[in-house]
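>>> okay, sequence plus prediction incoming.
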Amino acid sequence: MAGNEVLALAMFLAFIGLVFTGFPIAWILAGLAVLFTALAIVFEVDLGIPTGVDWGYASISVERVWNVMENWVMVALPMFVFMGLMLDRAGIANRLLTSFARLFGRIGGGLAVTIALIGVLLAATTGIIGASVVLLALLGLPVMLRQGYDKPLAAGTVCAVGTLGILIPPSIMLVLMADRMAMPVGDLFLGAVFPGLVLSCLYVLYLFGYGLVKPAGAPPARDIAPLDWPALKALAIAILPPFALISAVLGSIFLGVATPTEAAGVGAAGAVLLAAMNKALNRRVLAEVVRETTKTTAFIFGILIGATAYSLVLRGLGGDALIERTLLDLPFGPTGIIVTILLATFLLGFFLDWIELTLIILPLVAPVVAHLGFDATWFTVLFAVCLQTSFLTPPVGFAIFYLKGVAPPGVDAPTIYKGVVPFIVLQLLGLVLIFNWQALVTWLPAQAY
């Protein structure tokens with residue numbers, strides 16, 4: 001192994017190790033870029049070992065960051081964040097809970113299914129994991145516990161369905177992935193539709209099955225009003241506004257009427273309109289949403305700047321070539337190499353957030369996937385499903401932390417860990433289905449274009 005590759009390997013391992021310090025990721029990435037640039041100069045000047053990296057090379061980071069900030073696709077990111085946060089304040093979920101509960105509440109496991117279906121609708125409108133998990137926990141968790149649901153089942157349901165927003169379009173993760181992979185956002189949005197629905201169906205089947213096999217742990221609701229025509233009308237009225245917004249945003253992208261950036265603007269404006277229609281819009285709410293949008297966007301772009309510098313230096317040291325050569329030399333064949341990448345991503349998800357994995361790992365393995373001849377959209381959606389699982393796996397399972405912060409007494413961390421295990425298994429099953437049936441990802445983009 002050459003001297004520059006030794007530095008590249010040390011740089012990657014240093015990043016993994018420093019994540020556990022709790023120091024802000026953006027500073028870790030940027031600091032390692034500066035540190036290993038200095039080490040590369042020492043190797044080349046003092047030790048006579050060529051590395052190809054110096055301060056002049058590292059300064060290209062400025063140009064790279066400018067290219068990222070100049071990218072019009074990235075403008076969609078803060079507007080999708082704004083859309084999700086505003087819909088969170090619009091009170092839509094509360095109306096959906098009341099209406100769906102009358103539809104499914106009298107069936108074993110029906111309340112959990114209600115939470116799952118609301119989670120799917122929130123996923124397609126908000127896309128903000130923290131907001132979805134907290135909202136579902138505050139609305140649904142007390143109701144399920146009051147009806148006698150097993151605590152692990154109730155907690156696991158809230159955590160799992162709350163993470164669907166990171167996969168089901170419009171998703172800020174898919175926007176970032178499209179930027180890193182230099183592919184159209186619309187392709188990823190289309191490709192993720194069926195996988196997101198597959199995971200949702202697996203959740204619903206599991207919850208209904210739980211109610212049948214263990215009715216004492218997911219009993220029918222006792223105080224739900226019977227289903228009648230007024231209840232169905234109320235359900236239609238509750239579903240129609242978010243469904244119309246989803247159709248306007250995704251439909252305009254899929255039909256080629258608008259770019260993702262323009263569609264994000266439509267979504268942000270539609271979210272404000274829905275909040276106003278529900279009489280939830282005022283100056284305080286608008287200020288809170290703008291403030292949270294700014295903080296979230298700044299957090300993501302801070303990591304993006306650090307990751308840009310880190311990736312540039314890592315590639316200058318030959319890190320991408322080292323990873324590509326190592327993967328291609330594995331004695332597993334093309335399919336085995338893809339499985340190895342996904343397994344490594346799943347394991348890294350125990351310790352790293354989806355942003356770091358998207359910005360650091362995905363661009364490093366993308367050349368390997370292209371060299372092996374696999375469809376880029378299919379692989380990226382597989383990668384996204386792996387990253388969704390990372391929200392549920394300790395110790396960095398952010399959905400678990402979000403839930404623990406608002407959970408009622410008696411729902412402790414071990415209870416939540418126990419509850420998410422079946423849903424992690426279901427997500428891995430969904431990953432296997434998507435892996436073996438590529439058409440789940442590739443069919444819809446092919447039909448649209």
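Perfect, I can see it now.
>>> by mean pLDDT, flag the weakest helix or strand of the protein.
With mean pLDDT, DSSP states H and E as the measure, the helix or strand of the chain carrying the lowest mean pLDDT is helix 92-104 (a mean of 69).
>>> what's the spacing between Y417 and V34?
Distance of Y417 to V34, computed by C-beta to C-beta, to the nearest Å: 38 Å. Just so you know, the C-beta spots here come from the backbone N, C-alpha and C atoms, and that holds for glycine as well.
>>> export the helix or strand encompassing G336 to CSV, keeping only CA atoms.
Secondary structure from DSSP states H and E places G336 in helix 333-348. What follows is helix 333-348 as a C-alpha-only set of coordinates in CSV (Å, rounded to 0.1, in the frame of the first residue of the first chain):
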residue,chain,number,x,y,z
GLY,A,333,-18.9,-11.6,-8.0
PRO,A,334,-20.9,-8.5,-8.8
THR,A,335,-24.0,-9.4,-6.8
GLY,A,336,-21.9,-10.3,-3.8
ILE,A,337,-20.1,-7.0,-4.0
ILE,A,338,-23.4,-5.1,-3.9
VAL,A,339,-24.5,-7.2,-0.9
THR,A,340,-21.2,-6.4,0.8
ILE,A,341,-21.7,-2.6,0.2
LEU,A,342,-25.3,-2.8,1.6
LEU,A,343,-24.2,-4.8,4.6
ALA,A,344,-21.4,-2.4,5.4
THR,A,345,-23.9,0.5,5.0
PHE,A,346,-26.3,-1.2,7.4
LEU,A,347,-23.6,-1.7,10.0
LEU,A,348,-22.3,1.8,9.6
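>>> any idea of the mean pLDDT in that helix?
Averaged across helix 333-348, the pLDDT comes to 87.
>>> what's next to whichever helix or strand comes after that helix, contact-wise?
Per DSSP H and E, the first helix or strand lying C-terminal to helix 333-348 is helix 354-356. Helix 354-356 has contacts (C-beta atoms under 8 Å, 6 or more residues apart in numbering) with 19, 25, 29, 166, 173, 176, 300, 303, 307, 387-388, 390-391.
>>> please narrow those residues to those residing in strands.
Nothing among the contacts of helix 354-356 maps onto strands, per DSSP state E.
>>> these: which two are farthest apart?
L29 and Q388 (22.6 Å; C-beta to C-beta).
>>> re earlier: other SSEs contacting the helix holding G336?
Helix 333-348 makes packing contacts with helix 319-328, helix 362-372, helix 376-390, helix 413-436 when contacts are defined by 3 or more C-beta pairs under 8 Å, 6 or more residues apart in numbering; DSSP states H and E.
>>> that one vs helix 413-436, what angle?
160 degrees (axes from the mean of the first three to the mean of the last three C-alpha atoms, to 10 degrees).
>>> show me what contacts the residue nearest to the spatial centre of the chain?
Nearest residue to the geometric centre of the chain (C-alpha atoms, centre = their mean): I166, 2.7 Å. If you count contacts by C-beta under 8 Å, 6+ apart, I166 has them with 127, 129, 172-173, 354, 384, 387-388, 391.
>>> cutoff 10 Å now
Counting by C-beta atoms under 10 Å, 6 or more residues apart in numbering, I166 touches 123, 127-129, 132, 172-174, 192, 196, 354, 384-385, 387-388, 390-391, 399.
>>> so what pLDDT did it get?
80.
>>> and T393, by the same measure?
In this model, T393 is scored at 79, pLDDT.
>>> wait, isn't it in contact with I424?
Yes. If you go by C-beta atoms under 10 Å, T393 and I424 touch, sitting 6.5 Å apart.
>>> low-confidence bits of the protein, can you list those?
Residue ranges of the chain with pLDDT under 70: 1-3, 73, 93-94, 97-105, 126-128, 130-131, 223-228, 231, 395-396, 449.
>>> repeat the analysis, applying 50 as the threshold.
Within the chain, not a single segment meets pLDDT under 50.
>>> now do whichever helix in it runs longest and helix 362-372, the angle between them.
Longest helix in the chain by number of residues (criterion: DSSP state H): helix 283-316. In terms of direction (the same axes, to 10 degrees), helix 283-316 departs from helix 362-372 by 60 degrees.
>>> show me what counts as buried in helix 283-316.
Residues of helix 283-316 classed as buried: 285, 289, 292-293, 296-297, 300-314, 316 (neighbour count, 16 or more other C-beta atoms under 10 Å).
>>> do stretch 422-437 as well
Buried residues in stretch 422-437, defined by neighbour count with 16+ other C-beta under 10 Å: 422-424, 426-427, 430-431, 433-435.
>>> distance to A244 for these - can I get that in a markdown table?
Output for the buried residues of stretch 422-437, formatted as a markdown table (distance: C-beta to C-beta, whole Å):
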| residue | distance to A244 |
| --- | --- |
| P422 | 34 |
| F423 | 30 |
| I424 | 34 |
| L426 | 30 |
| Q427 | 29 |
| G430 | 28 |
| L431 | 32 |
| L433 | 30 |
| I434 | 29 |
| F435 | 34 |
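>>> identify, from the residues you listed, the entry nearest to A76.
I434 (24.7 Å).
>>> so that closest one makes contact with W443?
No. Applying C-beta under 10 Å, one finds I434 not in contact with W443, separated by 11.9 Å.
>>> now do the shared contacts for those two.
Going by C-beta under 10 Å, 6+ apart, residues that sit against I434 and also against W443 are 191, 194.
>>> gap between the closest residue in space to G156 that isn't next to it in sequence and Q438?
Nearest non-adjacent residue to G156, counting by C-beta to C-beta, 6 or more residues apart in numbering: G419, 2.8 Å away. Going from G419 to Q438 by C-beta to C-beta gives 32 Å.
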